[in-house]
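S.K.: have a look at this prediction, sequence included:
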Amino acid sequence: AESCVLEQRVALKCEISAVVARSADGVGRVFPVAENRHRNGILDVSIVPARVAPALTQRAEEWAVQIARRLDYCGVLAVEFFVTAGGELLVNEMAPRPHNSGHYTIDACATSQFEQQVRTLCGLPLGDTHLLAPVVMVNLLGEAWQRGQPQWERVFNVPEAKLHLYGKHEARAGRKMGHYTMLGATADAALQKALIVRSALYPDWTE
C-alpha cells in the first residue's frame, strides 16, 4: 500500500492580498488589503478596500506583518489569502517583491509600493501607507490589442482613471501590457466605472 495525503475540499469565497513593507531595523507598514478577481488564472481586477468583514482585513494585515517579521524580511512582501465560505483565512501565496495586486498604490496611497521598496533598500524611513480614495486596478492584457492600438481616449475621458503602460513591444494573449486604476467615492462605484471602461477596451470579451 502507498501512503497518501488527503486534503479536505475547501469552499472559497474570494482571494485577498496584503502588501507589507519592512525596513532593516524591523519597522513594518502594511497597505490596505485588496480583493482580487482572476480570469483564466491571471489577476484581472483588484478592489480596494476589500469588500470583506473588517475583522478579516485586520487579520490579513496582522498576519502579513507577522510573516515579514518572522522571516526577518527587508523589502516589500505580498501575501495572498483565500477567504473561505466559513470566514477563515488561508495563506495562498507569498511574493517577495512589489506585486501586481499592489499596483493600485501608485495612484491611491500616500506612498506607492515601489517607493516603499526603494525606502527599505536605502535605509530611509517607511512612507505613509494610508488609502487616499477607494480604487480599482484593472490589468490590461494583450487581448486589448487584437484590433490594433486600443482607444486610450476611453480611459483618458474618465477624470478618475489613470493609465499605466509598461512599454512592451509585443502584445500576446494573457501578457500583462499595463493597467489602469479607477478612483471612486466607494469601492463599488469605482468597480462599476472601471468595468465600463474595460468593456470599451475589450469589445470581444464577455463577463
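M.R.: Cool, the structure landed. Numbering: from 1, shown residues only.
S.K.: for this protein, which segments count as strands?
M.R.: 12-22, 28-30, 34-39, 42-48, 75-84, 89-95, 135-141, 161-165, 176-183 (DSSP state E).
S.K.: got the buried residues for the fifth one?
M.R.: Buried residues in strand 75-84, counted by 16 or more other C-beta atoms under 10 Å: 75-83. C-beta coordinates here come from the backbone N, C-alpha and C atoms, glycine included.
S.K.: dump these into JSON lines; add pLDDT and distance to L56 as well.
M.R.: Below are those laid out as JSON lines (pLDDT from 0 to 100; distance: C-beta to C-beta, whole Å):
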{"residue": "G75", "pLDDT": "98", "distance to L56": "25"}
{"residue": "V76", "pLDDT": "99", "distance to L56": "22"}
{"residue": "L77", "pLDDT": "99", "distance to L56": "19"}
{"residue": "A78", "pLDDT": "99", "distance to L56": "17"}
{"residue": "V79", "pLDDT": "99", "distance to L56": "13"}
{"residue": "E80", "pLDDT": "99", "distance to L56": "14"}
{"residue": "F81", "pLDDT": "99", "distance to L56": "8"}
{"residue": "F82", "pLDDT": "98", "distance to L56": "11"}
{"residue": "V83", "pLDDT": "98", "distance to L56": "6"}
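S.K.: with respect to E143, which of the residues you listed is nearest?
M.R.: Distance to E143, by C-beta to C-beta, is smallest for E80 among the buried residues of strand 75-84, at 23.8 Å.
S.K.: ok, that closest one to T111 distance?
M.R.: 21 Å (C-beta to C-beta, to the nearest Å).
S.K.: contact partners for C14?
M.R.: Applying C-beta atoms under 8 Å, 6 or more residues apart in numbering to C14 gives the contacts 35-37, 52, 82-83.
S.K.: scratch that, W152 is what I was asking about
M.R.: Counting by C-beta under 8 Å, 6+ apart, W152 makes contact with L163.
S.K.: and if we set it to 10 Å?
M.R.: Residues near W152 by C-beta atoms under 10 Å, 6 or more residues apart in numbering: 144, 163, 165, 178, 180, 201.
S.K.: number of residues surrounding the fourth one?
M.R.: To tie it back to what came earlier, the one meant is G178. 19 (other C-beta atoms under 10 Å).
S.K.: filter the contacts of W152 to the buried ones?
M.R.: Counted by 16+ other C-beta under 10 Å, the contacts of W152 give 144, 178, 180, 201 as buried.
S.K.: which of the residues you listed lies closest to R29?
M.R.: Looking across the buried ones among the contacts of W152 and measuring by C-beta to C-beta, the closest to R29 is Y180, at 25.5 Å.
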